[in-house]
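Chemist: next one to model:
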Amino acid sequence: LEKLGPSSLIKQIIDDWFELIHSVAPILHRGHFLERLENGDATRDLEFCGLVVSLCAATVVSLKRRSSTQYGSITIERCLEAIKENQLLESKNNFSLEWCQTKYNLGIALGAGRGLDDPSGFRFMSEAAMGVKYLLYYELPGMSLVSQQLLKRLFWLIFSGLCSVEMFGRPCIGLLTPQDNIQALRPLDMTDRDLDLNRVSPGERWHGDTMSYVPGLNHLSNLFLLWHSSQRLPNNNISGLQEHIALVQRALDELPAELRWRGGLSRPPRSNFGTDVQVANLYITQLHIRSNLLEQLELLAKRQSDLTASQSIFSQRQSIVEDLLEILSHMPRETLEANGHSLVPKIRDIGAALLDEVRMTYGSQLANEQARTDLRRLLEKLERLDFRPEFSRSGLGSQ
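Modeler: The predicted structure follows:
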């Protein structure tokens, strides 16, 4: 690890992960992780060292604005070099949870840093899916409670990530099959303290010891399960797509208070920064899935000359964009950026659908003017959120 950067800087990056990102990726037990790190396991255990480096890579890419000013020479490229130089991901004959977590972190990092078409990112995420699937079906009963729950959480994060990749038109390997027992794969609603009372986080109180982020993860999984189901419909099924759009729209109606969208109102008692980050993730993901299904519906409606379906699409798209603008206007930038770079492609994708709407010739002039106004506002929000250090240093990036 000393070749990656100063220990104080690595510690800061890890602290930032657990403080800012953990709520949307609760795949590590902080007490266990920090105990191993402080005991020097990263100097003796290559697999754990790889996990630490992969966490740094994922954090650096996810928190781009912070990374550009605080993380110095620790970049995703440096992390990848450290892994390669020290052979931290050498092939092995058996799978482990840490190996899968490392592969997932690197897949996320490369997807955000190099784009969804990067072959190494595709390979890492595919290997993570492969390893998790094996462990769930062959090793789960012999695992500790902590490992079982972290593995199930990782399964649904990978599933959500693969669905997102597929929504953007990229290939991905399948993870969920008809034979899978979805309820048995669900992680339990447990805090870090619930998982292991004897290994709570050292030092000051940490939010994950007393707050469970599993409900948010399970609701996110439900959204992607609906999208996954919609893609298994028979061809040319307009009514089926309409039904799934309605289901997605209602999917967040039963959220607990701390995960509900509340506009500019103050937080309810049980909420914190982590639940705010989940709120942004849940609602923007819901809007993105609705937008994606609307695009599919629009193609079908045009092919079948279904004027009734076509007429309702414009108003639904307007509603999606207005809801998105509402979220982007009220959510602090720090909350949005703690979701990593995953929100930017979703916002951009919704904006692309609106751009197509603006280019269309039918519809009232007033409606088209509203669409142009919304598009301009959305682009302004996206420019501020889509921070790119390479342009910022030259004075071209958003401030």
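Chemist: which ones are touching the residue nearest to Phe155 when sequence neighbours are not counted?
Modeler: Closest residue to Phe155 apart from its sequence neighbours, by CB to CB, 6 or more residues apart in numbering: Val132 at 5.2 Å. Bear in mind the C-beta positions are built from the backbone N, C-alpha and C, glycine included. Residues near Val132 by CB atoms under 8 Å, 6 or more residues apart in numbering: 100, 151, 154-155, 158, 175.
Chemist: the same query, at a cut-off of 10 Å, please.
Modeler: 95, 97, 99-101, 103-104, 151-152, 154-159, 175 (CB atoms under 10 Å, 6 or more residues apart in numbering).
Chemist: what mean pLDDT does stretch 290-299 have?
Modeler: Mean per-residue pLDDT for stretch 290-299: 94.
Chemist: what's near enough to touch Gly5?
Modeler: For Gly5, the contact set (CB under 10 Å, 6+ apart) comprises 12-13, 56, 71-75, 78-79, 82.
Chemist: which of these are buried?
Modeler: Neighbour counting over the contacts of Gly5 (16 or more other CB atoms under 10 Å) leaves 12-13, 56, 71, 74-75, 78-79, 82 as the buried ones.
Chemist: which ones among the contacts of Gly5 are found in helices?
Modeler: Taking DSSP state H, the ones among the contacts of Gly5 that sit in helices are 12-13, 56, 78-79, 82.
Chemist: if we can go back for a sec, what separation is there between the residue nearest to Phe155 and Leu223?
Modeler: 20 Å (CB to CB, to the nearest Å).
Chemist: for this protein, give me the ranges with low pLDDT.
Modeler: 91, 200-204, 360-367, 389-399 (pLDDT under 70).
Chemist: can you pull up the most central residue in it?
Modeler: Ser342 (5.6 Å; CA atoms, centre = their mean).
Chemist: secondary structure class for that residue?
Modeler: helix (DSSP: H, G, I helix; E, B strand; the rest coil).
Chemist: OK, contacts around it?
Modeler: 24, 62, 108, 111-112, 160-161, 164, 281, 284-285.
Chemist: same check, this time on Gly131
Modeler: By CB under 10 Å, 6+ apart, the neighbours of Gly131 are 94-97, 99-104, 151, 154, 158.
Chemist: which of the contacts of Gly5 lies closest to Gln183?
Modeler: Cys56 (35.2 Å; CB to CB).
Chemist: could you dump the buried ones among the contacts of Gly5 to JSON lines with distance to Ser266?
Modeler: Below are the buried ones among the contacts of Gly5 laid out as JSON lines (distance: CB to CB, whole Å):
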{"residue": "Gln12", "distance to Ser266": "30"}
{"residue": "Ile13", "distance to Ser266": "31"}
{"residue": "Cys56", "distance to Ser266": "35"}
{"residue": "Tyr71", "distance to Ser266": "32"}
{"residue": "Ile74", "distance to Ser266": "36"}
{"residue": "Thr75", "distance to Ser266": "38"}
{"residue": "Arg78", "distance to Ser266": "41"}
{"residue": "Cys79", "distance to Ser266": "39"}
{"residue": "Ala82", "distance to Ser266": "43"}
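Chemist: for the residues you listed, which one is nearest Ala353?
Modeler: The closest of these, once distances to Ala353 are taken by CB to CB, is Thr75, at 33.4 Å.
Chemist: how about that closest one: what's its closest non-neighbour residue?
Modeler: Closest to Thr75 by CB to CB, 6+ apart is Val60, at 6.1 Å.
Chemist: and what of Leu325?
Modeler: Arg377 (5.7 Å).
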